[in-house]
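Participant: dropping the sequence and predicted coords here.
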Amino acid sequence: QVHLAESGGGLVQVGGSLRLSCAASGLIYAMGWFRQAPGKEREFVARVGKSGALRHVADAVKGRFFISRDNSANSVYLQMNNLQSEDTAVYYCAAATSPADWGTTSNDYNYWGQGTQVTVSS
């Protein structure tokens, strides 16, 4: 059984920064971040492989968001810079427990955190 605990969300002004953290328990492989804005479907934000060397962020956040991983702490982080109003959403941490899973859809991950709200105000 895997448990994911997110932290770091909050209210920030346009142009500001936030860092989300996700601590995991159990054996995990790829980890990712997704987000869901009101009235919209959940969308992929970023993913990182087990070693941390393979990283990928969505085009919508490229150059502003950065994903990293600390396996000694079994944690993944999402550094979000130059936040914009369209980044407002609930952000979810996700984990895959199979080494074959490495994707950008919700179906590629089988454990999810409870979500943390990020609100960007103008």
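Facilitator: Here it is on my side, so go on. Quick caveat: nothing in here was measured; it's all calculated off a predicted structure. Residues are numbered from 1 along each chain as shown.
Participant: the residue nearest the centre of the chain: what secondary structure?
Facilitator: By Cα atoms, centre = their mean, the mean C-alpha position of the chain lies nearest to W33, the distance being 2.1 Å. At W33 the chain is in strand, as set by DSSP: H, G, I helix; E, B strand; the rest coil.
Participant: thinking it is in contact with F66, fair?
Facilitator: No - W33 lies out of contact with F66 (Cβ atoms under 8 Å); the separation is 10.8 Å. Where C-beta positions appear, they are placed from N, C-alpha and C, glycine not excepted.
Participant: shared neighbours of the two, anything?
Facilitator: A46, L78 (Cβ atoms under 8 Å, 6 or more residues apart in numbering).
Participant: about what we covered before: per-residue pLDDT, the spatially closest residue to the residue nearest to the centre of the chain that is not a sequence neighbour?
Facilitator: In this structure, W33 finds its nearest non-sequential neighbour in V45, 4.3 Å apart by Cβ to Cβ, 6 or more residues apart in numbering. pLDDT, V45: 98.
Participant: and V45, how far from Q1?
Facilitator: 25 Å (Cβ to Cβ, to the nearest Å).
Participant: ok, these two, which is more surrounded?
Facilitator: Between V45 and Q1, counted using other Cβ atoms under 10 Å, V45 has the larger neighbour count: 25 against 6.
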